[in-house]
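J.: With the input below, show me the fold.
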Amino acid sequence: MDKAPATGGTAPAHWHGRDFSGLCLGEAGPTTTEAFVETGAGVGVRTPDHLYYLPFAGPDHRLAEQPTQVYDLASDPYQFINLATQTAAAEVKAGLDARLRAWDASIPWPTAAVAAKS
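T.: Next up is the predicted model:
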């Protein structure tokens, strides 16, 4: 959730996300079943059944080729078994990888100059 719209402010152009503040007022929310998460070190996608995380391969937000974290949340809700290096669920991993890379490509990642002003 972007905190600026949720608090009545205006988000800078390089911020991405959605305003979920209407949920607090009982309004209908988005129908998506996935959430994209950005950390300082990479990005991930979480669905009701899986978590898939790719680290950044460099300072320009290029994504690594392989995930460092993959969890089957349906069978391992506490994320004890990291499937990132296992061949299990290759089709699921490929689908999550494609979704995450498509989302990443749609994000206007800020340049270093814009990030320094934030």
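J.: Residue 84 looks like it's in a strand, true?
T.: No: under DSSP: H, G, I helix; E, B strand; the rest coil, residue 84 sits outside any strand and is assigned coil.
J.: Would you agree it is in contact with residue 68?
T.: Yes: using C-beta atoms under 8 Å, residue 84 is in contact with residue 68, at 5.7 Å. Bear in mind the C-beta positions are built from the backbone N, C-alpha and C, glycine included.
J.: give me the element residue 96 is part of.
T.: Residue 96 is located in helix 90-106, with elements delineated by DSSP states H and E.
J.: in that helix, what counts as buried?
T.: 92-93, 96-97, 100, 104 (16 or more other C-beta atoms under 10 Å).
J.: Mind listing residues that contact it?
T.: Residues from elsewhere that reach helix 90-106 (C-beta atoms under 8 Å, 6 or more residues apart in numbering): 34, 36, 43-45, 47, 50, 52, 54, 61, 63, 67, 70, 72, 83.
J.: average pLDDT for it?
T.: Averaged over helix 90-106, pLDDT sits at 94.
J.: still on that earlier bit, from the contacts of helix 90-106, which would you call buried?
T.: Buried, going by 16+ other C-beta under 10 Å: 36, 43-45, 47, 50, 52, 54, 63, 67, 70, 72, 83, out of the contacts of helix 90-106.
J.: Alright, that wraps it up for me.
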